[in-house]
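**Q** attaching a predicted model along with its sequence, questions to come.
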Amino acid sequence: MQQTVSVKNIGLRGVTVADTKISFIDGEKGVLIYRGYRIEDLADRSSFIEVAYLLLNGYLPPKGEVEAFERKVVEARDVPTYVFDALRTLPKTSDPMDVLQAAVPILAAADPELRDETRDANVRKAIRLIARLPVVTAAWHRIRNGLDPLPSDSGLSHAANFLWQLTGEKPDDETAHDLDVCLILHADHTFNASTFACREVCSTRAHIYAAVAAGIGALSGSLHGGANTRVMGMLLQLENEPDVEGWVKNRIDAGERIMGFGHAVYKTIDPRATYLKKMARRLGASRGLEKWERLSKLVEKTASEEFERRGKSEIKPNVDFFSAPVYHMMGIPRDLFTPIFAISRVAGWCSHIIEEKFAEAQEKPMLYRPQAEYVGNYCGLLGCVYEPPEARAGT
Ligand code: ACO
């Protein structure tokens, strides 16, 4: 008989459910590794396309292969027009994350290999998803503003092309590079909530699009990727606040969450936040927007001291705290911050989905299926009364 282990109310923290070769976090030391490489090295020396290749294939592309991989992504940017037609039917007020999630099954319908469950076909589907989520995000932003989606520019990098399709202007090199680095930093993060949602869904043998749609839904929540838009909301609210320290303290006193702080795994500062903090400083200085960096640092200092004073020194800034001012200074609309997270994380989700689909039996369960303790009633209908196991044990 299967043994029942109760790990209630911990949200699966510390429960190992599978093996993975994709990424690793040391939460005590603040280290994040993709396929053996520290993210700082990848952010300094690599590109998002190279990192997507690394996550999907397990190794950095040999010379010449990155261009071939990039060509495949560029070719896959062509989204059938009926996808845009479907987006045009939505209310213009729809949240971009909801639209992105809704677009995924529509993209599935356009995939000729949808039902091909070989590894190679799944990699090709992953490439299409990586290529198309930015296109759909940019197209929705234009459609909701009464504009037509723009064709992609095959001469532009992944990040630069997204900004071009979003705004109709070719970005400067610094902005395109900074966004590319942001995409690298967000590309994977072991068994976070959205990745686990993807793995859970595909463990039922659902296709990659169904799993990615689940990931987008999980990412949208304010305790996960949705925190970055809330961080910017807080900074905008504090822009003209004379007593920022008092505001932060009162909020913590009231038992409310400071968005962009705390993490289920890191017990120190999130290494991605450290990287993005430096980017925020540079961007603020180069664009004359130092006020956002100054304000973020003041909130960071006040909140960190308050958490320390309350014996919760492990609550530190996470990736969403500094990505918010970074995207804002790049001129990106606030409600697109989380879709940009998804545009990057889709590389990690697809890598995990493929790992889940093709892992050896000893590396993961056939199907994730936890259980819950039933604490509801037992009612009799037509004289048929169910006798719970505890009652039977007591007789
Ligand atoms: N602000 C205020 N208090 C906090 C915060 C926060 N940001 N984070 C945790 N705490 C407090 C809780 O109130 C709780 O206090 P209590 O023990 O007195 O009740 C204690 O710390 C533990 O909280 P949990 O939610 O159980 O801790 P966990 O580590 O599991 O939480 C989480 C992680 C959900 C991310 C949390 O830190 C949070 O809500 N942060 C704000 C939202 C956020 O930034 N999310 C993005 C995370 S990164 C990502 O997903 C990309």
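**A** Done, it's in.

**Q** give me the residues contacting stretch 295-306.
**A** The contact list for stretch 295-306 (Cβ atoms under 8 Å, 6 or more residues apart in numbering) reads 234-235, 238-239, 244-245, 248-249, 252, 258, 261, 277, 280, 313, 315-317, 321-322, 324-325. All C-beta spots, glycine's among them, are computed from the backbone N, C-alpha and C.

**Q** where helices are concerned, which of the residues you listed count?
**A** With helices defined by DSSP state H, the entries of those inside them are 234-235, 238, 244-245, 248-249, 252, 277, 280, 321-322, 324-325.

**Q** just the buried subset of those residues, written out for ChimeraX, thanks.
**A** Listed next is the ChimeraX selection for buried residues among those, using 16 or more other Cβ atoms under 10 Å:
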select :234,235,238,244,248,249,252,277,280,321,322,324,325
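
**Q** pull out the buried residues from stretch 345-364.
**A** Going through stretch 345-364 with 16+ other Cβ under 10 Å, the ones that come out buried are 345-357, 359, 364.

**Q** near the ligand, from the ones in helices among the contacts of stretch 295-306?
**A** By Cβ under 6 Å from any ligand atom, the members of the ones in helices among the contacts of stretch 295-306 lying near the ligand are I252.

**Q** which one among the ones in helices among the contacts of stretch 295-306 gets closest to the ligand?
**A** Proximity of these to the ligand was ranked by Cβ to the nearest ligand atom; the top entry is I252 with 5.7 Å.

**Q** so what's the closest one closest to, chain neighbours aside?
**A** Using Cβ to Cβ, 6 or more residues apart in numbering and skipping the chain neighbours, the partner closest in space to I252 is E306 (5.1 Å).

**Q** and the one you found, how far from G246?
**A** E306 sits 11 Å away from G246, taking Cβ to Cβ, to the nearest Å as the criterion.

**Q** and these two? which has more neighbours close in?
**A** In terms of neighbours (other Cβ atoms under 10 Å), E306 is the more surrounded of E306 and G246; the figures are 18 against 11.

**Q** isn't V212 right up against V104?
**A** Yes. If you go by Cβ atoms under 8 Å, V212 and V104 touch, sitting 5.5 Å apart.

**Q** tell me which of these two has more neighbours.
**A** The residue with the greater number of neighbours, taking V212 and V104 and applying other Cβ under 10 Å, is V212; the counts read 31 against 24.

**Q** wait, doesn't M232 sit right on R334?
**A** Yes. In this structure, M232 sits in contact with R334. The criterion is Cβ under 8 Å, and the distance is 4.9 Å.

**Q** of these two, which one has the most company?
**A** The residue with more neighbours, out of M232 and R334, is M232; 25 against 17, by other Cβ under 10 Å.

**Q** which one's the longest helix in this structure?
**A** Once the chain is assigned using DSSP H, the helix that runs over the most residues is helix 119-144.

**Q** just how off-centre is it within its chain?
**A** From the chain centre to the centre of helix 119-144 is a distance of 15 Å (Cα atoms, centre = their mean, to the nearest Å).

**Q** which helices and strands sit right next to it?
**A** In this structure, helix 119-144 makes packing contacts with helix 48-57, helix 65-75, helix 81-88, helix 96-109, helix 158-167, helix 208-219, helix 337-358, judged by 3 or more Cβ pairs under 8 Å, 6 or more residues apart in numbering; DSSP states H and E.

**Q** give me whichever of the ones you listed is most buried.
**A** With neighbours taken as mean count of other Cβ atoms under 10 Å, the helices and strands packed on helix 119-144 reach their highest mean count in helix 337-358, at a mean of 26.

**Q** and S46, what pLDDT?
**A** The predicted local distance difference test score for S46 is 97.
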